[in-house]
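Participant: A predicted structure for the sequence below; I have some questions about it.
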Amino acid sequence: MIAWSRPHAAPARSPPSFRRRRQPACRRPDVTNGDQAAAAVQAAVDKFGRIDVLVNNAGRGLLGAVEEASDASARAVYQVNVFGTLTMQRAVLPIMRRQRSGHIINISSVGGLLGSAGWGVYCSTKSAMEGFSKRWPRK
């Protein structure tokens with residue numbers, strides 16, 4: 001999603017520099033779909049000329065005992081929380097590398113570090129995010 005944190009019509013009390021900024025390009029790609037992710041990233045580059053920040057905030061939860069979670073339910077959580085995050089990163093990293101700048105912020109959970117009863121599948125996805133978020137900057 002490429003968006004602004006304020007509505008299109010900037011309030012009168014906003015600083016002049018905010019009112020002069022370009023309007024946002026609002027997208028809502030399915031982060032599990034590589035083609036949609038690539039299209040959203042390309043739309044941002046087409047409109048703004050670059051990508052400075054990617055915030056991966058899409059997430060899906062699953063409450064229940066691990067042994068009670070269906071394979072489809074567990075896979076759906078992994079699809080969004082882990083593979084969706086990777087899909088968006090893979091879409092922006094080539095651009096950021098060409099720019100020689102950019103930041104990626106992955107929104108995770110304390111569950112990825114500590115775990116919590118009833119949230120085993122969810123916490124395991126957040127643990128996976130923690131793992132690759134800590135390691136990819138070294139590449």
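Facilitator: Yes, it's here. Residues are numbered from 1 along each chain as shown.
Participant: any idea which residue sits dead centre in the protein?
Facilitator: Note on the chain: the residue nearest the mean C-alpha position is Asn56, at 1.6 Å, using CA atoms, centre = their mean.
Participant: just the strands in the protein please.
Facilitator: Using DSSP state E, the strands of the chain run over 53-56, 103-106.
Participant: turn those strands into TSV, including distance to Ala72 and mean pLDDT.
Facilitator: From N, CA and C alone the C-beta is placed, and that goes for glycine too. As requested, those are arranged in TSV below (distance: least, CB to CB, whole Å; pLDDT from 0 to 100):
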stretch	distance to Ala72	mean pLDDT
strand 53-56	23	91
strand 103-106	25	90
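Participant: any chance of those in TSV, with distance to Lys134 too?
Facilitator: Shown next, in TSV, are these (distance: least, CB to CB, whole Å):
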stretch	distance to Lys134
strand 53-56	14
strand 103-106	10
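Participant: quick one: closest of these to Val80.
Facilitator: The closest of the strands of the chain to Val80 is strand 53-56. By CB to CB, the value is 10.2 Å.
Participant: neighbouring strands of that closest one in the sheet, and parallel or not?
Facilitator: Using DSSP bridges, the strands paired with strand 53-56 are strand 103-106 (parallel).
Participant: buried residues in the strand it pairs with?
Facilitator: The neighbour-count check on strand 103-106 (16 or more other CB atoms under 10 Å) flags 104, 106 as buried.
Participant: then stretch 103-123?
Facilitator: Those would be 104, 106, 108-109, 111-112, 119-123, for stretch 103-123 by 16+ other CB under 10 Å.
Participant: do stretch 58-69 as well
Facilitator: Neighbour-count burial for stretch 58-69 [16+ other CB under 10 Å]: 58-60, 62, 69.
Participant: okay, and for this protein, where does confidence drop off?
Facilitator: Low-confidence segments of the chain (pLDDT under 70): 1-27, 112-113, 136-139.
Participant: if you set the cut-off to 50 instead, what comes out?
Facilitator: 1, 3-11, 14, 18 (pLDDT under 50).
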